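Engineer: coordinates for the following, if possible.
(chains A, B, C and D)
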Protein chains: 2
Amino acid sequence: MIDQNIKIAVDAIVFGYEKGTLYVLAVQQRFGKLADRWVLPGGFILDDEPLITAVERELKEEAGITVNYLEQLATFGDNVKRDERFRVISVAYFALVNPKNFVLKADTDAKDAKWFPVAQVPALGYDHNEMVKLAHQRLKSKLTYQPIGFDLLDHEFLFSDLENLYYSILERDIDRRNFRKKILSFGIVKETNKVVKMGASGRPGKLFTFDKKKYNQLLKENFQFDIRFA
Amino acid sequence: MIDQNIKIAVDAIVFGYEKGTLYVLAVQQRFGKLADRWVLPGGFILDDEPLITAVERELKEEAGITVNYLEQLATFGDNVKRDERFRVISVAYFALVNPKNFVLKADTDAKDAKWFPVAQVPALGYDHNEMVKLAHQRLKSKLTYQPIGFDLLDHEFLFSDLENLYYSILERDIDRRNFRKKILSFGIVKETNKVVKMGASGRPGKLFTFDKKKYNQLLKENFQFDIRFA
DNA sequence: TTAAGTTTGTGTAAAAACAACACAAATTTA
DNA sequence: TAAATTTGTGTTGTTTTTACACAAACTTAA
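Structural biologist: Numbers count the residues shown, from 1 in each chain, chains lettered A, B, ... in the order given. The predicted model follows:
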């Protein structure tokens, strides 16, 4: 008979983007040994609950959000001393959301929920900084071979928004003309006929949308999204 | 207090390659409800044992092998009915080995251990066919952006071995000249001065080795291994 | 009202990478 | 000694990538 004294948790690394800054969601713990410490949203799973459902539930409970994109990242569990009573193994999920869509509200277990710029994430509890690091790398690499940037933007966006997103997350210079040409060549970004005056001055720009249907269609024909520049 | 009735296991998808065929390692269960069924090597982890150590231990115990490459693949756990007494969540690992280096020997828990050609893997227990499928995809994609093919070959190999490996695993035609040019251009494959007569007839070929030290060095300088062809 | 500032929108040319392609050299086998 | 097999090697046309600058549409300040 197997005698394990281990519990399973899930944690989510939720990224949000706004005006050139990438944010990570953290919640402040209300109870337990780490009360007041900031940690990633997450918690123990229920016996009959799929892992991803547990993540969605925790995000709803602890921060009041529903994400745009969610995928499994990796499982962490060698950090044996997370809890004194038992070992905790946590399955980390990678998520994207447009922060504008929600007002964060800490519910059940969390005292507070807050966006931290990735560059200024405080020392989190457990091995959560490690998770953030891995998720950040995943975001950067995924941005180049999957059109996930759109999940961080408004439904309708200016080309410069997309460009700035790549620019700021990848921390690389981008040639505006080449970038635009490349993205448009894929045919998965459609121009609306709405024109909007950006923040303040400057020429108004057209709004664009990501055509997910077209993208899924292209995928079947072996299309490979790929953005790499010098 | 958390009351979970879940156990954690690890499973390994071990690939081996020989003469144009890709194999997966499976073991035949000796005990339990699934006695005689073929499954992936794996088992429950110990309370104080890191996940990867558990995988290495199980591979040693159930098949008598030590792999060349090992990385976490994904965690499976929504298949709630794996065992009647409790839910099992399994962390799957992806591994590569050169089958020539070992004689498989089933030890403790396994009745037998055997290589199955990926194209002819039988119906395995649990959700293990799903794991094999995911691992197979991972292998194919990883082959194009990481020099892991070498972990499936002998230390010294003919250029045609490498070429056939790519050819057979990716199931695509390869232009020998372009392939060779590309691989050599990276500078991570070194020519030895040994010449060897291949199987039977034909001109003898030079042996090559993968220069891991050089590769690690290049990685620091932002080198990106990348093999893609029409 | 006009000049300065800001942001969007657009094309071309040079360089690099990729794709397509064939035959001679060294060996074994018939 | 002729046929079969496998290794080894270069060139050319095509495609992709990179580098690069200025006019148009608007706002703001003088």
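
Engineer: what helix or strand is A:E62 on?
Structural biologist: Using DSSP states H and E, A:E62 falls within helix A:51-63.

Engineer: helices or strands next to that helix in the packing?
Structural biologist: Judged by 3 or more C-beta pairs under 8 Å, 6 or more residues apart in numbering or on different chains; DSSP states H and E, helix A:51-63 is in contact with strand A:6-18, strand A:21-29, strand A:42-44, strand A:69-76, strand A:87-97, strand A:110-117. Bear in mind the C-beta positions are built from the backbone N, C-alpha and C, glycine included.

Engineer: which helix of chain A spans the most residues?
Structural biologist: The single longest helix within chain A, with elements called by DSSP state H, is helix A:128-145.

Engineer: for DNA strand D, which of the helices and strands packed on helix A:51-63 is the nearest?
Structural biologist: With C-beta to the nearest atom of the strand as the criterion, DNA strand D lies closest to strand A:6-18 of the helices and strands packed on helix A:51-63, at 21.1 Å.

Engineer: given that closest one, what are its sheet partners and their directions?
Structural biologist: strand A:21-29 (antiparallel), strand A:42-44 (antiparallel), strand A:87-97 (parallel) (DSSP bridges).

Engineer: can you say which of those strands is packed in most?
Structural biologist: Neighbour counts (mean count of other C-beta atoms under 10 Å in any protein chain shown) averaged over each of the strands paired with strand A:6-18 peak at strand A:87-97, with a mean of 24.

Engineer: got the angle between it and helix B:51-63?
Structural biologist: 120 degrees (axes from the mean of the first three to the mean of the last three C-alpha atoms, to 10 degrees).

Engineer: what angle separates strand A:87-97 from strand A:69-76?
Structural biologist: Using the same axes, to 10 degrees: strand A:87-97 against strand A:69-76 is 160 degrees.

Engineer: now do the buried residues in the helix holding A:E62.
Structural biologist: A:L51, A:I52, A:A54, A:V55, A:E56, A:E58, A:L59, A:E61, A:E62, A:A63 (16 or more other C-beta atoms under 10 Å in any protein chain shown).

Engineer: again with stretch A:219-230
Structural biologist: Those would be A:F225, A:I227, for stretch A:219-230 by 16+ other C-beta under 10 Å.

Engineer: and it, what's its mean pLDDT?
Structural biologist: Stretch A:219-230 carries an average pLDDT of 90.

Engineer: wondering if that stretch reaches DNA strand C at all.
Structural biologist: No: Stretch A:219-230 does not reach DNA strand C (C-beta under 7 Å from any atom of the strand); its nearest approach is 10.0 Å.

Engineer: starting at the chain centroid, how far to that stretch?
Structural biologist: From the chain centre to the centre of stretch A:219-230 is a distance of 21 Å (C-alpha atoms, centre = their mean, to the nearest Å).

Engineer: which residues touch that stretch?
Structural biologist: Stretch A:219-230 is touched from outside by A:143-147, A:166, A:172, A:174-175, A:178-179, A:182-183, A:186, A:188, A:215, with contacts defined as C-beta atoms under 8 Å, 6 or more residues apart in numbering or on different chains.

Engineer: can you name the residues bridging to A:E156?
Structural biologist: Applying DSSP bridges to A:E156, the residues it is bridged with are A:T209.

Engineer: test my guess that it contacts A:F208.
Structural biologist: Yes: counting by C-beta atoms under 8 Å, A:F208 is a contact partner of A:E156 at 7.0 Å.

Engineer: tell me what the helix-or-strand element of chain A with minimal mean pLDDT is packed against?
Structural biologist: Scoring the helices and strands of chain A by mean pLDDT, DSSP states H and E places strand A:110-117 at the bottom, with a mean of 92. On a contact count with 3+ C-beta pairs under 8 Å, 6+ apart, strand A:110-117 meets strand A:21-29, helix A:51-63.
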